[in-house]
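Asker: 3D model of this:
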Amino acid sequence: MRMFKTTVKIGGMACGMCEAHMNEVIRKLVPNAKKVTSSHSKGESTFISEEKIDMEKMREAIEETGYHFISMEYEPYEKKRWFGKR
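Answerer: Down below sits the predicted model:
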């Protein structure tokens with residue numbers, strides 16, 4: 001199964017509550033998202049999903065909450081295997 005790691009650059013997060021709020025926004029938009037994390041110090045949120053997410057939908061969801069969408073990028077994600085086996 002092909003997976004993607006998505007990194008969203010976000011402006012306006014200032015604290016841990018902002019991070020929790022952004023994680024909630026992402027989980028609502030992408031119900032099957034895994035490993036959802038946000039960092040106000042890095043100004044980004046990351047998550048793993050089975051499909052690429054529409055950038056405009058992500059922009060709308062973030063900006064509706066008062067934060068600023070800056071950019072979004074994808075990279076292939078491969079789950080790490082035990083002991084380096086493939």
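Asker: elements contacting the host helix or strand of E60?
Answerer: Taking DSSP states H and E as the criterion, E60 maps to helix 55-64. Packing contacts for helix 55-64, counted by 3 or more Cβ pairs under 8 Å, 6 or more residues apart in numbering; DSSP states H and E, involve strand 3-11, helix 16-29, strand 68-77. Where C-beta positions appear, they are placed from N, C-alpha and C, glycine not excepted.
Asker: Mind listing the strands the next helix or strand after the second one pairs with, and their directions?
Answerer: Sequence-wise, the next helix or strand beyond helix 16-29 is strand 34-39, with elements assigned using DSSP H and E. In its sheet, strand 34-39 lies beside strand 44-49 (antiparallel), with partners assigned from DSSP bridges.
Asker: mean confidence for the partner strand?
Answerer: Averaging pLDDT along strand 44-49 gives 98.
Asker: what inclination does it have with respect to strand 3-11?
Answerer: Angle of strand 44-49 versus strand 3-11, following axes from the mean of the first three to the mean of the last three Cα atoms, to 10 degrees, is 160 degrees.
Asker: then strand 44-49 to CSV, C-alphas only?
Answerer: Provided in CSV are the C-alpha atoms of strand 44-49 (Å, rounded to 0.1, in the frame of the first residue of the first chain):
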residue,chain,number,x,y,z
GLU,A,44,4.4,23.0,10.5
SER,A,45,2.1,20.0,10.7
THR,A,46,2.9,16.6,9.4
PHE,A,47,0.8,13.4,8.9
ILE,A,48,0.8,10.2,7.0
SER,A,49,-2.1,9.2,4.7
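Asker: can you list contacts of it?
Answerer: Among residues not part of strand 44-49, those counted as contacts by Cβ atoms under 8 Å, 6 or more residues apart in numbering are 3-10, 19, 22-23, 26, 30, 32-39, 77.
Asker: Could you point out which residue ranges in this structure have low pLDDT?
Answerer: 81-86 (pLDDT under 70).
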